[in-house]
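Engineer: Provided below for reference: sequence and predicted model.
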Amino acid sequence: MRWRPVRPAGWGYDGLLLAALVGLTVALATDHLFGIDRAVADWADAHRPTAAYWIARALNLLGQGTPLTLLAAALGVLLAVRLRSVRPVLPPVVAFGLTYLTIGPLKVWTARPAPSASVKPPFLPPEQTLPLFQHDLPVGYAQSYPSGHVANALVWYGVIALLLAPLLGTVGRRMPRLLVTAVRVAPPLVVLTTTTYLGWHWLTDSVAGLLLGLLLDRLLRRVPWDDVPLPGRLRNRGRPFTSTA
């Protein structure tokens with residue numbers, strides 16, 4: 001089983017993403033970049049009319065993790081039924097495991113409040129909403145870093161794009177490469193913009209979610225799903241699916 005190629009090629013890019021995420025976390029942990037976060041949050045607060053708020057809130061639904069997980073799982077099951085293969089179910093299962101083991105634990109470990117924590121429970125002083133590692137707060141009030149909406153969007157739209165192409169192939173349709181790229185790129189960018197604009201995350205939260213999501217997405221894209229070894233009982237249900245796109 002060999003890793004599939006990704007673009008940009010090589011593991012060096014993955015290393016840069018990881019280094020950038022670590023560097024950003026260290027900068028925040030040492031009380032840097034707070035000025036940028038505060039400036040962006042204050043600008044958004046001052047430029048958020050009612051109509052723009054509701055439009056942004058509706059668009060932000062594109063990053064809801066649970067619906068995206070269910071949609072990807074449904075596409076995987078549908079493709080598995082059409083091809084009589086268990087392989088299309090593997091990407092949603094692995095993606096769920098990766099996001100579960102990374103995004104949530106990082107949020108709990110970094111323990112950062114959201115910008116809105118100064119105007120609604122726990123009603124912190126504005127300067128106290130910025131630092132990381134506030135483990136004295138209830139967990140529900142300190143899970144802003146990194147942005148799960150952004151990271152989930154990158155991972156799950158990548159899985160959806162992976163499954164949509166072969167699914168369309170089963171009905172004689174072809175998914176244009178430009179559309180594949182649009183599915184992967186457009187929703188995460190919308191989510192990053194709206195989640196920051198709404199004040200649900202600091203700008204650096206969203207950037208951290210972007211870095212983590214890109215790293216996880218590249219790991220998933222490297223997996224040779226058509227060649228993953230299957231247990232004996234499932235080998236006769238191991239028809240490839242990525243080659244049918």
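Structural biologist: Thanks, I have it.

Engineer: Thr110 and Thr25 touch, don't they?
Structural biologist: Yes: with contacts counted by Cβ atoms under 8 Å, Thr110 reaches Thr25, the gap being 6.9 Å. Every residue, glycine included, has its C-beta placed from N, CA and C.

Engineer: find the residues that touch each one of the two.
Structural biologist: 132, 145 (Cβ atoms under 8 Å, 6 or more residues apart in numbering).

Engineer: of those two, which one has the most company?
Structural biologist: Of the pair Thr110 and Thr25, Thr110 is the one with more neighbours under other Cβ atoms under 10 Å, namely 22 against 19.

Engineer: give me the pLDDT for that one.
Structural biologist: Per-residue pLDDT puts Thr110 at 97.

Engineer: contacting residues for it?
Structural biologist: With the criterion set at Cβ under 8 Å, 6+ apart, Thr110 makes contact with 25, 132-133, 145-146.

Engineer: pLDDT weak spots in this protein?
Structural biologist: Along the chain, the parts satisfying pLDDT under 70 run over 243-245.

Engineer: redo that, cut-off 90
Structural biologist: Low-confidence regions of the chain, defined by pLDDT under 90, span residues 1-2, 5, 7-10, 65, 165, 168-177, 180, 228-245.

Engineer: need the helices for it, in chain order.
Structural biologist: 12-29, 34-46, 50-60, 65-83, 90-110, 148-169, 177-197, 203-222 (DSSP state H).

Engineer: for these, which one ends up most surrounded?
Structural biologist: Comparing the helices of the chain by mean neighbour count (mean count of other Cβ atoms under 10 Å), helix 148-169 comes out on top with a mean of 25.

Engineer: and the angle from that one to helix 203-222?
Structural biologist: If you take axes from the mean of the first three to the mean of the last three Cα atoms, to 10 degrees, helix 148-169 sits at 30 degrees to helix 203-222.

Engineer: mind giving me the packing neighbours of helix 148-169?
Structural biologist: Counting contacts by 3 or more Cβ pairs under 8 Å, 6 or more residues apart in numbering; DSSP states H and E, helix 148-169 packs against helix 65-83, helix 90-110, helix 177-197, helix 203-222.

Engineer: by how many degrees do that helix and helix 177-197 diverge?
Structural biologist: Counting by the same axes, to 10 degrees, helix 148-169 lies at 160 degrees to helix 177-197.

Engineer: would you mind measuring from Thr99 to Val155?
Structural biologist: The gap separating Thr99 from Val155 is 6 Å, by Cβ to Cβ, to the nearest Å.

Engineer: now do the shared contacts for those two.
Structural biologist: With Cβ under 8 Å, 6+ apart as the test, Thr99 and Val155 both reach Leu216.

Engineer: now the helices of the chain as CSV including distance to Arg239?
Structural biologist: Shown next, in CSV, are the helices of the chain (distance: least, Cβ to Cβ, whole Å):
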stretch, distance to Arg239
helix 12-29, 30
helix 34-46, 48
helix 50-60, 37
helix 65-83, 5
helix 90-110, 12
helix 148-169, 11
helix 177-197, 22
helix 203-222, 20
